[in-house]
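Asker: predicted model and sequence below, questions to follow.
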Amino acid sequence: MNEAVQALHPPRSTASRRRIIRRSSSQNSSSNGSNFPSTHHSHSSQRHASSPSTIRTKQNSKPRFTELLLEHGETQLIDYAVLASSSTSSSSGLLRNTEGRLRVCTRSIVLEPRNSCRGIVRVPFRFMTNCPSLTMQYDRSNSGGKNESSVLSVSTNRYFIMKANNAIGPYDQIQKSTEITLQFLHSSPSTVETLLRELYSVEKKSMVRFNTSSEKEIGNIETVLTTPMMMHPDSSDNGIKMLITSTADEIMPSLESFHFLHVHEHPLSSTMKCSLKEPLLHQDGVAVLTNYGLYFQPMNGMTSFSVVSNNSTNASKPHTFLSVNDVVAIARRYDGLQDVAVELYLAKRHGRHDDYNNCKSYYQSILLSFESYSVRENVLRTLLSQRNNNHEEAPPIPCFTDASFVESAMQQWQNGQIDNFSYLLILNAAAGRSYHDVSRYPVFPWVLSNYGQEDDMDGETAFLDLNNPSNYRDLSKPIGALNEERFVEFRKRYEGMVQQQREAMERGQVHPDACTAATDRLFHSIHSTYQSILNNPADVKELIPEFYDPDCFDFLINAMGLQLGNLQSTGERVNDVILPSWAKSAKHFLKMNRAALESPYCTEQLPKWIDLIFGVTSRGMRAKEARNLFHPISYLTPSVLEAMHSEEEKKTVELQANEFGICPDQLFCKEHPKKNASWESVEGVVMSNFRKV
């Protein structure tokens with residue numbers, strides 16, 4: 001179990017990359033022990049942010065484009081090599097015959113110049129003044145006369161420039177009539193024109209429908225004021241989905257046997273359509289199972305997933321190979337509200353690969369979503385059987401979402417064989433939580449209640465006494481009930497709702513949308529964040545595992561020197577997260593958090609919090625009695641989704657659930673026992689069918 005638990009720790013790869021970029025600046029921040037960076041430190045961060053030897057060099061090693069640059073729900077379909085020219089130019093915009101990649105996306109086209117100093121240009125279809133069309137271009141540069149060629153012409157009155165000068169910062173919005181011409185280097189422009197015309201048509205029709213429906217809704221003021229705000233899928237979703245399907249069928253790769261890495265390798269499955277899930281992103285592609293492992297190849301070229309596989313040939317291949325020998329654990333996962341995904345936890349071992357006990361390992365996971373529940377289950381069975389066939393002496397692959405694994409983990413926690421941090425990681429994994437899914441991200445408790453600043457200490461020495469119970473949060477209460485005055489307001493809102501809306505709306509949503517442009521709402525201070533979850537009626541968030549892992553201190557530091565703006569309330573510049581006065585550095589803050597989590601007081605109270613999140617007070621009447629109810633959509637399951645008859649209704653609730661978060665699966669049907677409890681108090685605690693196979 002030890003290796004499986006290690007694989008559940010917060011991802012180290014991102015932290016390591018940031019740490020390399022920051023280098024000495026993070027050491028300076030830690031050594032001076034100040035909550036506010038000194039003037040020298042601020043200048044140092046800015047130098048790191050613009051130095052070609054740090055960030056730029058690293059970014060140039062891979063494409064700058066990512067789907068995070070697109071609108072919410074937008075995806076890339078296909079890309080082409082082009083020469084781009086424009087009727088207007090700027091220091092960061094397009095120039096004559098700029099070589100790069102044209103990325104055709106569902107709501108826009110994106111031009112990524114090969115020269116990384118040039119900004120990435122994104123042109124949404126809704127801002128195009130005409131449908132993209134082919135025109136003839138004459139080239140008089142050759143001495144033999146003029147050459148005639150077809151180019152694609154795009155006219156727009158607004159576009160965006162991103163990552164200008166290869167620096168991360170606010171986008172530039174250019175509002176000027178511009179014509180962009182695209183000469184395709186290796187593809188037929190007529191094929192691209194057809195696709196762009198279809199996408200343009202779908203977007204324009206969607207805009208007409210949206211404007212018409214908005215006028216009708218505005219006319220009925222009473223309906224607008226009395227109806228709870230709900231999110232609805234874009235009316236163009238059906239048209240976009242059809243285009244994605246048709247495009248995928250044309251360019252979807254197939255994994256033939258000549259792509260395999262081993263001489264005696266053979267397929268154990270047909271080519272399966274699937275999607276690789278990453279935070280806020282996904283990559284459609286295909287997968288195939290073999291007697292050596294699993295291959296994944298994305299639809300639109302090279303995958304952005306950097307696999308830790310021990311096979312060094314992955315780097316030069318268009319596909320990702322996941323060796324069954326590298327898999328240390330598996331877990332069933334959701335894709336939205338559908339139970340069709342699987343997460344594979346991998347280890348890159350340093351040493352003899354057949355010596356599982358003495359190899360040092362680096363861990364990583366990959367989440368793949370398949371077309372159906374049955375396909376996913378077949379993938380799991382095949383991987384498990386091949387592991388046993390290839391290495392009889394290798395330990396069996398544990399499955400985090402099996403009830404037997406949860407029972408074993410609970411017994412080990414009670415016996416002191418695993419600590420509180422590891423146990424909570426296991427419970428999160430069993431309850432469907434994953435680092436790859438922001439709507440189901442692992443959840444950890446606020447353990448402490450003392451996060452005061454220097455001016456709140458009344459001259460006392462900044463010291464945190466972990467033996468003082470007053471420094472701890474009451475773990476028997478959910479976040480929404482920690483402040484009695486605020487809960488009274490929640491109760492009034494609940495009582496005032498109409499009958500059909502009252503089922504479970506005591507405290508709004510599980511995870512309010514964290515994406516906001518308001519600087520004051522950025523995560524900039526531990527103390528301010530804790531005060532927000534006590535007093536803000538829209539903020540009832542718990543914490544995440546990174547707050548208890550000292551190796552992940554980088555998320556508290558503005559390592560890249562990003563210009564995050566100034567607080568409207570105080571005018572103070574947002575930079576590194578402001579720590580409590582008792583914290584000497586970001587890493588020290590996380591160490592103290594971890595010590596508090598493992599303290600005897602927290603260990604004694606932790607089962608009550610587990611009941612609130614994963615147990616008997618997480619749902620139903622007992623949750624109501626514990627003041628622990630959320631919006632009904634937060635509790636939706638795949639079976640509820642399947643029972644819905646309207647596709648529109650399904651899309652609406654899925655979008656709502658994914659935006660605001662989904663409650664963890666219930667794992668326990670009895671109150672969670674305390675540590676060192678007798679076996680009689682443990683038996684029958686874990687639900688046998690919490691994730692029924």
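Answerer: Yep, that arrived.
Asker: can you give me the neighbour number for the closest residue in space to S581 that isn't next to it in sequence?
Answerer: In space, and not counting its chain neighbours, S581 is closest to A462: 3.9 Å by Cβ to Cβ, 6 or more residues apart in numbering. (Each C-beta comes from the backbone N, C-alpha and C, glycine too.) Neighbours of A462 under the rule other Cβ atoms under 10 Å: 13.
Asker: the one 3 residues further on now?
Answerer: The number of residues packed around D465, counting by other Cβ under 10 Å, is 10.
Asker: roughly how far does the most centrally placed residue in the chain sit from H436?
Answerer: The residue lying closest to the centre of the chain (Cα atoms, centre = their mean) is P279, at 1.9 Å. Here the criterion is Cβ to Cβ, to the nearest Å. By it, P279 lies 6 Å from H436.
Asker: for L195, same thing?
Answerer: Taken as Cβ to Cβ, the span from L195 to H436 is 30 Å.
Asker: likewise for S133?
Answerer: Relative to H436, and taking Cβ to Cβ, S133 is found at 40 Å.
Asker: which of these two has more neighbours?
Answerer: It is H436, of S133 and H436, that has more neighbours when counted by other Cβ under 10 Å, with 22 against 13.
Asker: ok, for that one, nearest residue in space, not its chain neighbours?
Answerer: That would be L367: by Cβ to Cβ, 6+ apart, it lies 4.2 Å from H436.
Asker: how many neighbours does that neighbour have?
Answerer: 22.
Asker: return the backbone torsion pair for it.
Answerer: phi -120, psi 120 (degrees, to the nearest 10).
Asker: swap in P673?
Answerer: According to degrees, to the nearest 10, P673 has phi -70, psi 160.
Asker: show me what contacts it?
Answerer: By Cβ atoms under 8 Å, 6 or more residues apart in numbering, P673 lies in contact with 410, 414, 607, 681-682, 685.
Asker: next one: V616
Answerer: By Cβ under 8 Å, 6+ apart, the neighbours of V616 are 622, 666, 668-671.
Asker: most neighbours among the residues you listed, which one?
Answerer: F668 (23 neighbours).
Asker: please name the nearest non-neighbouring residue to that one.
Answerer: G615 is the one closest to F668 (Cβ to Cβ, 6+ apart), at 4.0 Å.
Asker: doesn't Q666 make contact with the one you found?
Answerer: Yes - between G615 and Q666 there is a contact under Cβ atoms under 8 Å: 6.8 Å.
Asker: for S108, which non-adjacent residue is closest in space?
Answerer: Nearest one to S108, counting by Cβ to Cβ, 6+ apart, is P124 at 4.3 Å.
Asker: how about the one you found, phi and psi?
Answerer: Residue torsions, per degrees, to the nearest 10, at P124 are phi -70, psi 150.
Asker: burial measure for it, as a count.
Answerer: 19.
Asker: from S155, how far off is it?
Answerer: 13 Å.
Asker: one more: T652?
Answerer: The gap separating T652 from S155 is 35 Å, by Cβ to Cβ.
Asker: thinking again about what came up before, of the contacts of V616, closest to F321?
Answerer: When those are compared for distance to F321 (Cβ to Cβ), Q666 wins out at 36.7 Å.
Asker: and the closest one, that one's in a strand?
Answerer: No - membership of Q666 in a strand is not supported by DSSP: H, G, I helix; E, B strand; the rest coil, which gives coil.
Asker: for it, which non-adjacent residue is spatially closest?
Answerer: Nearest one to Q666, counting by Cβ to Cβ, 6+ apart, is S618 at 5.5 Å.
Asker: the one you found touches C669, doesn't it?
Answerer: No - using Cβ under 8 Å, S618 makes no contact with C669, being 11.0 Å away.
Asker: still on that earlier bit, could you report the neighbour count for the residue nearest to F668?
Answerer: Using other Cβ under 10 Å: G615 sits among 25 other residues.
Asker: quick one: contacts for it?
Answerer: 666-668, 670-672.
Asker: ok, P580 next?
Answerer: 450-453, 462, 464, 526-527, 589.
Asker: for those residues, which one is nearest M128?
Answerer: Nearest member of the contacts of P580 to M128, counting by Cβ to Cβ, is I526, at 45.7 Å.
Asker: who's in contact with the helix or strand in which I109 is found?
Answerer: Assigned by DSSP states H and E, I109 belongs to strand 108-113. Applying Cβ under 8 Å, 6+ apart, the external contacts of strand 108-113 come out as 63-65, 69-71, 74, 76, 82, 84, 94, 98-103, 119-125, 154, 180, 196.
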